[in-house]
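[1] the following block contains a protein sequence and its predicted model.
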Number of protein chains: 2
Amino acid sequence: MLILKHMLNYQPGTLDLAFQALGDPTRRTLVERLAAGPQTVSELARPLPMSLPAVMLHLKVLEESGLVTSEKKGRVRTCRIDPRMLSQAERWVADRRAMWERSLDALGAFLDEPKEEK
Amino acid sequence: MLILKHMLNYQPGTLDLAFQALGDPTRRTLVERLAAGPQTVSELARPLPMSLPAVMLHLKVLEESGLVTSEKKGRVRTCRIDPRMLSQAERWVADRRAMWERSLDALGAFLDEPKEEK
């Protein structure tokens, strides 16, 4: 059931781009701040020690990865988290960690077996 | 408490490298297979449609990221998951998603307030 759900939602390209996008500290900071609520591009850029075009480039990478969406009203562009891709990335890592723990449990159970039965 | 725990465990360089490492489908396949238990480099390479040096390069990226460790005995190198970095990556994404859900709950609570109180 979990595996089927995983397969149905699996989009190789976007999961690639999502992890690549998260592999940069500035982009993780942007995701962190957007997780607290939508913000405009200028609000996002203000505290960052870089130019507005540099911030916009990072936001473009985040949008292309599916982690962030944006909407323009007049001259103001507002960014927000797209939780679907964040959930997909979280599920991928969580499933692998769970798999690793099960394999460790299996090894533990084997080692705990009474010696005479080995 | 959660924030303090997060700050104490936070290692920018390695979280960067971990997400970058996961941004490649071959490396995710390697992590997926190692999550089921330790494997030698040749076992890992056998089903993959690429040369042994190419697989070893991917494993090097995974080792540098801290997601995988390896140990050589004689001529055989065995790889295994290092669960600490997998947990760290999982926690980073899970914390951001939880933060996003709380911000949505707060918005929902605001919108659900009786109209006369707005």
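    Arrived safely, thanks for sending.
[2] so the longest helix along chain A, near chain B or not?
    Longest helix of chain A, by residue count under DSSP state H: helix A:83-112. Yes. Interface with chain B: helix A:83-112 contributes A:83, A:86-87, A:89-90, A:92-94, A:96-97, A:99-101, A:103, A:107 (CB under 8 Å from any CB of the partner chain). From N, CA and C alone the C-beta is placed, and that goes for glycine too.
[3] most neighbours of all these, which one?
    With neighbours defined as other CB atoms under 10 Å in any protein chain shown, the most crowded of the residues of helix A:83-112 next to chain B is A:Ala89; it has 28 neighbours.
[4] per-residue confidence at that one?
    We have a pLDDT of 95 for A:Ala89.
[5] closest to A:Arg46 among the residues of helix A:83-112 next to chain B?
    Nearest to A:Arg46 among those, counting by CB to CB, is A:Leu86 at 23.7 Å.
[6] burial of A:Gln88, as a residue count?
    For A:Gln88, using other CB under 10 Å, the count is 19.
[7] could I get the full set of helices for chain A?
    Under the criterion DSSP H, chain A contains helices at A:2-9, A:12-22, A:25-35, A:41-45, A:52-65, A:83-112.
[8] quick check: the farthest pair among the residues of helix A:83-112 next to chain B?
    Greatest spatial distance in the residues of helix A:83-112 next to chain B: A:Pro83 and A:Leu107, 35.6 Å, computed using CB to CB.
[9] could you dump the helices of chain A into a markdown table and include distance to B:Gly23?
    Shown next, in a markdown table, are the helices of chain A (distance: least, CB to CB, whole Å):
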| stretch | distance to B:Gly23 |
| --- | --- |
| helix A:2-9 | 18 |
| helix A:12-22 | 4 |
| helix A:25-35 | 12 |
| helix A:41-45 | 23 |
| helix A:52-65 | 9 |
| helix A:83-112 | 10 |
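[10] so how far is stretch A:75-89 off the chain centroid?
    Distance, stretch centre to chain centre, for stretch A:75-89: 11 Å (CA atoms, centre = their mean, to the nearest Å).
[11] give me the contact list for it.
    The contact list for stretch A:75-89 (CB atoms under 8 Å, 6 or more residues apart in numbering or on different chains) reads A:9-11, A:14-15, A:18-19, A:22, A:30-31, A:34-35, A:37-42, A:44, A:59, A:62, A:65-72, B:93, B:96-97, B:100-101.
[12] among the residues you listed, which ones are buried?
    Among the contacts of stretch A:75-89, those classed as buried by 16 or more other CB atoms under 10 Å in any protein chain shown are A:14-15, A:18-19, A:22, A:30-31, A:34-35, A:38-39, A:41, A:44, A:59, A:62, A:65-68, A:70, B:93, B:96-97, B:100.
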